[in-house]
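> Sequence and predicted structure, then a few things I'm wondering about:
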Protein chains: 2
Amino acid sequence: MLDVYHHRGVTAWLTGLSGAGKSTIASAASRELLALGFHVEILDADELRKHLNRDLGFSRTDRIENCRRIGYVANLLTRQGIVVLVAAIAPYRLIRQELRETIGEFLEIYVDAPLHVCESRDPKGLYRKTRRGELSGFTGVDDPYEEPLSPDLRCTTERETILESVEKVVNLIVSVAQDGRPISLK
Amino acid sequence: MLDVYHHRGVTAWLTGLSGAGKSTIASAASRELLALGFHVEILDADELRKHLNRDLGFSRTDRIENCRRIGYVANLLTRQGIVVLVAAIAPYRLIRQELRETIGEFLEIYVDAPLHVCESRDPKGLYRKTRRGELSGFTGVDDPYEEPLSPDLRCTTERETILESVEKVVNLIVSVAQDGRPISLK
């Protein structure tokens, strides 16, 4: 009697250093996907640290718990047929592997930019603070980032435009979520 | 191009003492709503304490945080058009008021049974443990439960059957979520 979504849910997890472009790509991809008729939710780690994860710091344990909670919510939404765009560093291979195994439909998207590029962008001023010794345990500087070995997609934001990265992300998600029905991209 | 849900999202929060019947009603109502074609998610506090809220205890602060996190997730699902059934004691008026203000579409359903009835049911053996001094801070015994003053619905599970309670809950949710389209109940 009631119609259901004609697309499947999927979690596209954008992983990468601070300043690599995760939130920017997630936000632009969300707008494109909404325009295509998809049901989309963005889970941005910075935002979630104000709500769901406000008790968590940046120790290894807390970073893992941060990812687990985001993953738990992403999975709830994914199994309801929502396209979930996660923008979160998720620095350890172990936790990304766990997320892939936990979440029904999972895409690991590596937003790849070298440290010196991210540091020159420094959108939140956090690299500067770290270099001045005002912050510690910052991913890529004095906390590890374990690069994905075989991500489902790689956006090399040093070389490609935001638009190019976004198109790659949207195309991949559409191909996974469309569930066999033809969807004409703009 | 893609069809959307033909019902609105809503969070139906079942509040009440341990043993009042919250999980039982949520579970049965979920089955009915799924059969009617609704998209439904159950957020059961006991389950969530194994995942999202496993760091939380039963102090006032932790109980409030427990409700806030559940509310955050419920709101995400609700705004995506899902019917969310929450089974969680939510013992304080303050937090239930906050949830009502935070979640776009919120129903407070009081699963109402007197303490002596809940204690005689004692499905998890927790009242016995509390009376034996093995547990403390148990809602209704040595931690407060502030009864809803004007809930959207009251299920008096001491007097009505599970089926009667479930029908009341389902009818209310359908009337809120159906968005003006006629839905024929079984």
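It's in.
> what sits against residue A:8?
Listed by Cβ atoms under 8 Å, 6 or more residues apart in numbering or on different chains, the contact set of residue A:8 reads A:81, A:105, A:176-179. Placement of C-beta: from N, CA and C, glycine included.
> Kindly apply the preceding question to residue A:140 instead.
Applying Cβ under 8 Å, 6+ apart to residue A:140 gives the contacts A:17-18, A:115, A:118.
> rerun that using 6 Å as the cut-off
For residue A:140, the contacting residues are A:17, A:115, by Cβ atoms under 6 Å, 6 or more residues apart in numbering or on different chains.
> Residue A:87 is in contact with residue A:14, isn't it?
Yes. Contact criterion Cβ atoms under 6 Å: residue A:87 and residue A:14 qualify, at 5.0 Å.
> can the longest helix along chain A be found next to chain B?
Ranked by number of residues, the top helix in chain A under DSSP state H is helix A:60-79. Yes. Interface with chain B: helix A:60-79 contributes A:69, A:72-73 (Cβ under 6 Å from any Cβ of the partner chain).
> coming back round to it: which members of the contacts of residue A:8 are classed as buried?
Burial by neighbour count, judged by 16 or more other Cβ atoms under 10 Å in any protein chain shown, picks out A:81, A:105, A:176-178 from those.
> Pick out the lowest-pLDDT one from those residues.
When the buried ones among the contacts of residue A:8 are sorted by pLDDT, the bottom entry is residue A:178 at 86.
> Leaving out the residues flanking it, which one is nearest to that residue?
residue A:7 (5.7 Å; Cβ to Cβ, 6 or more residues apart in numbering or on different chains).
> So the one you found versus residue A:168, what's the distance?
Distance from residue A:7 to residue A:168, counting by Cβ to Cβ, to the nearest Å: 18 Å.
> Same drill for these two, tell me which one is more crowded.
Between residue A:7 and residue A:168, counting by other Cβ atoms under 10 Å in any protein chain shown, residue A:7 is the more crowded of the two (24 against 18).
> isn't that one right up against residue A:177?
Yes. Between residue A:7 and residue A:177 there is a contact at 4.4 Å, judged by Cβ under 6 Å.
> Ramachandran angles for residue A:156?
phi -90, psi 90 (degrees, to the nearest 10).
> same question, the one 4 residues further on
The phi and psi torsions at residue A:160 (degrees, to the nearest 10) take the values phi -100, psi 160.
> Could I get the pLDDT score of it?
97.
> likewise residue A:85?
With respect to pLDDT, residue A:85 has a value of 98.
> do the same with residue A:100
We have a pLDDT of 97 for residue A:100.
> any idea how far the residue nearest to it when sequence neighbours are not counted is from chain B?
Among residues not flanking residue A:100 along the chain, residue A:106 sits closest, at 4.7 Å (Cβ to Cβ, 6+ apart). As judged by Cβ to the nearest Cβ, to the nearest Å, residue A:106 and chain B stand 17 Å apart.
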